[in-house]
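Participant: after the sequence you'll find the predicted model.
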Amino acid sequence: MEVVETKNEGLVRDYKITIGANDIEQRVDARIAEVGKTASLPGFRPGKVPQKVLKQRFGQAVMGEVLEAAVKDSSQEVMAERGLRPAGQPKIEIVSFDEAKDLEYDLSVEILPDIGDVDLSGLELERIKVVPNESEIDDAIDRIVKQNRETKPVETPRPVQSGDIVIMDFEGKIDGVPFDGGKGDGIRLEIGSEQFIPGFEDQLVGAEIDKQLGVKVPFPEDYGVEELAGKEAVFDCTVREIHEGVEVTVDDEFAKSLGMDSLDALRSAVSDQLGTEYNRLTRERTKRQLLDKLADGYDFGVPPRMAEDEFNQIWHQIEHAKEEDQLDDDDKGKSDDELREQYKEIADRRVRLGLLLSHIGETNSLTVSQEEINRAIMDQARQLPGQEQMVIEHYRDNPQAMASLQAPIFEDKVVDFILEMAKVDEKEMSPEELNEMAEAEAKEAADKK
């Protein structure tokens with residue numbers, strides 16, 4: 001095998017590789033001999049077919065198999081001998097080959113950058129801890145009360161009030177013609193819950209039992225059904241029953257009805273739940289801060305094709321957003337050239353951070369266990385009740401989907417590892433202070449753009 005390096009620039013290595021005709025012939029003969037051990041052809045006993053006959057019968061198929069194996073083996077040998085760590089699938093292009101002649105092909109490979117040692121001990125970060133206040137806990141319990149409250153029919157007949165639960169029939173029409181999905185009988189609706197299109201529930205206030213009422217409302221311009229979006233509709237409504245909420249006393253008995261030992265236990269559980277949600281939000285903030293510091297602290301070249309692939313994914317999303325008029329306000333008014341330059345920088349940053357996190361994970365022997373993957377699959381399955389088996393089979397039969405599930409788990413493990421190594425200053429804040437800080441940071445980020 002003859003290897004000539006034709007390019008050595010940055011993270012790109014190109015080679016012209018030649019495999020001699022004799023080598024190819026020997027590979028073919030060896031493979032033909034293997035085939036001959038089990039080949040069965042008319043007029044010959046199994047395993048006794050002459051080499052010449054085998055070549056005539058299987059030569060073309062064997063040649064394709066041999067060439068594929070020769071290219072694969074030789075390209076891996078070239079990279080291994082030179083200590084190259086490919087950043088992706090190498091590009092291989094056959095230059096020339098004919099029977100009894102040399103095989104010549106070009107190999108182009110992008111290699112991973114040499115990141116070197118990463119010192120995490122000097123990394124300084126801030127972690128926010130938010131302790132829910134009593135007012136927040138009260139509000140959360142009020143929501144629980146509303147979700148679990150019982151209702152009863154009103155005892156004295158009266159018109160519908162905001163907050164009532166009504167049982168109603170309705171039929172919607174556009175230009176006097178009923179439309180699909182616009183009819184309902186015995187529908188339960190809480191007035192003020194905003195379950196129906198804007199303006200519908202407000203017009204039911206004052207309605208009386210068994211008296212038809214015409215509700216006129218326009219469908220929103222962005223309504224999910226294109227045929228209805230933006231059109232004026234009239235709903236013929238008849239309220240059949242009016243229910244009102246039963247007064248609930250928030251005490252130990254109420255807490256026990258929810259499976260808690262006491263009201264104090266309920267308040268503690270609500271506080272923990274709110275704290276968990278705040279921890280999720282503040283962790284995301286700490287993670288962004290960590291990634292910003294890593295991006296500022298480590299600058300190295302990234303494999304061009306990896307950066308191009310990442311940019312193409314981002315740009316596809318940008319073009320879709322433009323078509324749907326959903327571009328971020330900061331991006332509106334910018335030319336395509338300006339947007340391309342902006343998002344190429346973002347793509348480079350993402351690839352660089354991905355490589356850096358992967359490097360930290362590998363050098364510190366961090367891995368994702370099958371148990372962790374299974375747990376993530378079950379979490380996904382629980383989000384689609386009744387389709388759990390379908391979700392499990394999807395990941396089992398789709399390696400790419402499995403890899404997409406594994407990547408964020410690995411990233412979170414690396415982030416947790418870095419946080420353990422870094423100097424993290426924990427700062428306690430109230431929910432109000434957290435909101436003020438988030439708004440200030442969002443404004444600062446927008447100003448930088």
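Facilitator: Noted; the coordinates are in hand. Predicted, not measured: the structure shown is a model, and the values here were computed from it.

Participant: quick one: list the elements packing against whatever helix or strand residue 306 lives in.
Facilitator: Take DSSP states H and E as the rule and residue 306 turns out to sit in helix 304-323. Under the contact definition 3 or more Cβ pairs under 8 Å, 6 or more residues apart in numbering; DSSP states H and E, helix 304-323 sits against strand 103-110, helix 336-363. Yep, even glycine has a C-beta here, placed from its N, CA and C like the rest.

Participant: of these, which stretch is the most buried?
Facilitator: Comparing those by mean neighbour count (mean count of other Cβ atoms under 10 Å), strand 103-110 ranks first with a mean of 19.

Participant: now that strand - C-alpha only, PDB.
Facilitator: Extracted in PDB, the C-alpha atoms of strand 103-110 (Å, rounded to 0.1, in the frame of the first residue of the first chain):
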ATOM      1  CA  LEU A 103      -6.800   0.400  -6.800                       C
ATOM      2  CA  GLU A 104      -6.400   4.200  -6.200                       C
ATOM      3  CA  TYR A 105      -8.700   6.300  -4.000                       C
ATOM      4  CA  ASP A 106      -8.700   9.600  -2.100                       C
ATOM      5  CA  LEU A 107      -9.300   9.700   1.600                       C
ATOM      6  CA  SER A 108     -10.400  12.900   3.300                       C
ATOM      7  CA  VAL A 109     -10.800  12.900   7.000                       C
ATOM      8  CA  GLU A 110     -11.500  15.700   9.600                       C
END
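
Participant: that strand pairs with which strands?
Facilitator: strand 12-19 (antiparallel), strand 91-96 (antiparallel) (DSSP bridges).

Participant: tell me the mean pLDDT over that strand?
Facilitator: Mean per-residue pLDDT for strand 103-110: 94.

Participant: what inclination does that strand have with respect to helix 304-323?
Facilitator: Strand 103-110 and helix 304-323 are oriented at 60 degrees to each other (axes from the mean of the first three to the mean of the last three Cα atoms, to 10 degrees).

Participant: helices or strands up against the helix or strand just after strand 103-110?
Facilitator: Next along the chain after strand 103-110, taking DSSP H and E as the criterion, comes strand 124-130. Contacts defined by 3+ Cβ pairs under 8 Å, 6+ apart place strand 124-130 against helix 263-297, strand 423-429, helix 431-448.

Participant: what about the residue nearest in space to the middle of the chain, distance to residue 69?
Facilitator: The residue lying closest to the centre of the chain (Cα atoms, centre = their mean) is residue 404, at 7.7 Å. For residue 404, the distance to residue 69 (Cβ to Cβ, to the nearest Å) stands at 31 Å.

Participant: how about stretch 194-210: buried residues?
Facilitator: 196-197, 200-201, 204, 207, 209 (16 or more other Cβ atoms under 10 Å).

Participant: quick check, residue 182 in a strand?
Facilitator: Yes: according to DSSP: H, G, I helix; E, B strand; the rest coil, residue 182 belongs to a strand.

Participant: residue ranges for the helices of the stretch 101-250 of the chain, please.
Facilitator: 134-148 (DSSP state H, counting those that start in this stretch).
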